[in-house]
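**Q** Need the 3D shape of this:
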Amino acid sequence: MTNLTLALDAMGGDFGPRVTVPAALQALASNPQLKLLLVGNPETISPLLANKNAELLSRLQIITAEHVVSNDVRPSQAIRSSHGTSMRVALNLVKSGEAQACVSAGNTGALMGLAKVMLKSIKGIERPALMTVIPNLKQQKTVVLDLGANINCNSDMLVQFAIMGAVMAEHVVGVDNPRVALLNIGEEESKGLDNIREAAMTLRNTGLINYIGYLEGNELLTGKTDVLVCDGFAGNVTLKTMEGAIRVILSLVKSPDGQQKKSSWLMKIFKMKIFKKWLLKQVTKRFGHLNPDQYNGATLLGLRGIVIKSHGAANEHAFKAAIDQAVQAVEKQVPDRIAARLDAVLPKSEQA
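**A** Residues are numbered from 1 along each chain as shown. Reported below is the predicted structural model:
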């Protein structure tokens with residue numbers, strides 16, 4: 001693809017341009033076909049570009065936006081007062097066709113609401129879902145959705161998420177006939193809420209989806225399924241719990257002092273440089289690929305355009321990962337593929 005242009009909400013997130021600008025330069029350096037539109041305050045952005053590589057700067061343009069959507073404002077209020085904000089301007093660049101995708105670390109609720117209003121949902125999709133692709137212990141990847149865009153989901157929405165997740169697993173992850181499962185409190189068919197059981201019944205009767213049944217949260221990283229479907233509340237809690245646990249494990253290995261007494265034999269072993277180096281190498285080899293920074297960025301699936309939500313607290317490496325995810329979604333033509341699959345799977349009455 002020769003024409004690849006992304007719009008970045010440079011002001012969004014906890015750190016704004018201090019993270020988004022260096023990450024943008026890293027992305028440009030790694031992809032010679034990429035062009036970036038940095039949306040935000042030029043007076044804040046420009047100093048961070050001083051004395052940078054001229055070739056990289058030739059593929060970067062600053063688009064002025066006077067305001068920023070606050071992280072703590074209610075989504076409804078943010079949408080009403082969004083004119084002139086970096087988030088809305090970035091989304092508008094996608095709507096107008098000047099950019100092929102938008103990446104933002106800003107307010108999640110505002111981003112989802114604005115994106116749905118401005119870009120519209122694909123026919124057959126009630127509400128967009130936040131999706132990410134996480135590595136598992138089999139050195140493969142699992143598509144997980146919804147991660148917080150929709151707290152309450154009816155059975156039809158869960159079925160739609162399953163279809164979109166299967167498309168992502170097939171065309172982005174590269175899995176033939178991907179396995180699809182519903183997150184539940186048990187694997188027995190009688191377990192779970194009514195909406196989950198109703199969705200399961202529909203998926204069992206949908207021949208074009210390889211539905212394998214229910215999975216519990218402890219199976220998230222095992223690679224037992226290629227797609228794990230849930231409502232936004234359960235998905236958000238599950239993912240953040242997993243990320244927190246992994247960060248604790250990695251941090252303990254790097255600094256294992258903890259609450260151990262200095263005189264204990266275990267502490268003496270931990271303090272040996274050779275042992276610490278060996279242990280860090282082993283844990284990093286086994287779990288390092290699960291570091292949340294490696295897969296930062298959740299795609300807002302179900303829209304007619306491509307929108308990537310980065311963690312608000314993302315560092316430069318993590319935000320670049322979100323940019324890379326946007327590039328991949330553009331190259332794989334994700335919205336078109338989802339629309340085509342919905343047309344083949346759902347009854348015409350559900351695509352109105």
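**Q** Just the strands from this protein, written as ranges.
**A** 4-9, 34-40, 60-64, 101-104, 129-135, 141-145, 179-183, 210-215, 227-229, 298-301, 306-309 (DSSP state E).
**Q** strands paired with the fifth one, and their directions?
**A** Strand partners for strand 129-135, identified by DSSP bridges, are recorded as strand 141-145 (antiparallel), strand 298-301 (antiparallel).
**Q** State the distance from Glu219 to Lys120.
**A** 35 Å (CB to CB, to the nearest Å). C-betas here are computed from N, CA, C, even on glycine.
**Q** Same drill for these two, tell me which one is more crowded.
**A** Glu219 (17 against 14; other CB atoms under 10 Å).
**Q** Please name the nearest non-neighbouring residue to that one.
**A** Nearest residue to Glu219 in three dimensions, chain neighbours excluded: Thr225, at 7.3 Å (CB to CB, 6 or more residues apart in numbering).
**Q** For that neighbour, list the residues it contacts.
**A** By CB atoms under 8 Å, 6 or more residues apart in numbering, the contact set of Thr225 is 142, 179-181, 212, 215, 219.
**Q** I'd like those residues laid out as CSV, including distance to Asp9.
**A** As requested, the contacts of Thr225 are arranged in CSV below (distance: CB to CB, whole Å):
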residue, distance to Asp9
Thr142, 27
Arg179, 35
Val180, 32
Ala181, 33
Ile212, 37
Leu215, 34
Glu219, 34
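**Q** From these, keep the buried residues only.
**A** Buried members of the contacts of Thr225, scored by 16 or more other CB atoms under 10 Å, are 142, 179-181, 212, 215, 219.
**Q** Closest one of those to Ile306?
**A** Distance to Ile306, by CB to CB, is smallest for Thr142 among the buried ones among the contacts of Thr225, at 20.8 Å.
**Q** Against Gly223, how distant is that closest one?
**A** Going from Thr142 to Gly223 by CB to CB gives 7 Å.
**Q** joint contacts of the two?
**A** Common neighbours of Thr142 and Gly223 (CB under 8 Å, 6+ apart) are Asn136.
**Q** For the closest residue to Val89 other than its chain neighbours, list the residues it contacts.
**A** Nearest residue to Val89, sequence neighbours excluded (CB to CB, 6+ apart): Ala65, at 4.4 Å. Ala65 is in contact with 11, 39-41, 84-86, 88-90, counting by CB under 8 Å, 6+ apart.
**Q** cool, and Val330?
**A** 1, 4, 6, 100-101, 306.
**Q** Give the buried subset of those residues as a ChimeraX selection command.
**A** To isolate the buried ones among those in ChimeraX, judged by 16+ other CB under 10 Å, type:
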select :4,6,100,101,306
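**Q** circling back to that earlier point, can you redo the strands of the chain as CSV with distance to Val330 and mean pLDDT?
**A** Listed next are these as CSV, based on distance: least, CB to CB, whole Å; pLDDT from 0 to 100:
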stretch, distance to Val330, mean pLDDT
strand 4-9, 6, 98
strand 34-40, 10, 98
strand 60-64, 17, 98
strand 101-104, 5, 98
strand 129-135, 15, 92
strand 141-145, 18, 95
strand 179-183, 24, 97
strand 210-215, 26, 96
strand 227-229, 21, 98
strand 298-301, 11, 95
strand 306-309, 6, 97
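**Q** so which of the ones you listed gets nearest Lys320?
**A** strand 101-104 (10.0 Å).
**Q** from the chain's centre, how far out does the closest one sit?
**A** 11 Å (CA atoms, centre = their mean, to the nearest Å).
**Q** hmm, back to that, can you put the strands paired with strand 129-135 in TSV and add distance to Gln77?
**A** Shown next, in TSV, are the strands paired with strand 129-135 (distance: least, CB to CB, whole Å):
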stretch	distance to Gln77
strand 141-145	27
strand 298-301	20
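**Q** Nearest to Pro32, out of these?
**A** Using CB to CB, these put strand 298-301 closest to Pro32, at 23.8 Å.
**Q** List the residues that contact Thr238.
**A** With CB under 8 Å, 6+ apart, Thr238 has these contacts: 144, 183, 217, 220, 230.
**Q** Which members of those define the maximum pairwise distance?
**A** Val144 and Gly217 (10.9 Å).
**Q** which one of these two has more residues nearby?
**A** When neighbours are counted by other CB under 10 Å, Val144 comes out ahead of the other of Val144 and Gly217, with 26 against 16.
**Q** All the helices of this structure, in order from the start?
**A** With helices called from DSSP state H, the chain shows them at 17-30, 42-45, 54-57, 75-80, 86-95, 108-119, 155-168, 194-204, 232-254, 265-271, 273-287, 316-331, 334-345.
**Q** Tell me the buried residues in the first one?
**A** By that I understand helix 17-30. Of the residues in helix 17-30, those buried (16+ other CB under 10 Å) are 17, 19-28.
**Q** What's the local residue count around Asp72?
**A** The burial count for Asp72: 6, using other CB under 10 Å.
**Q** I'd like to know how far it sits from Gly13.
**A** Asp72 is 13 Å from Gly13, by CB to CB.
**Q** from the contacts of Thr225, which is closest to Ile45?
**A** Thr142 (36.0 Å).
**Q** That closest one: what's it in contact with?
**A** So Thr142 contacts 133-136, 220-221, 223, 225-228 (CB under 8 Å, 6+ apart).
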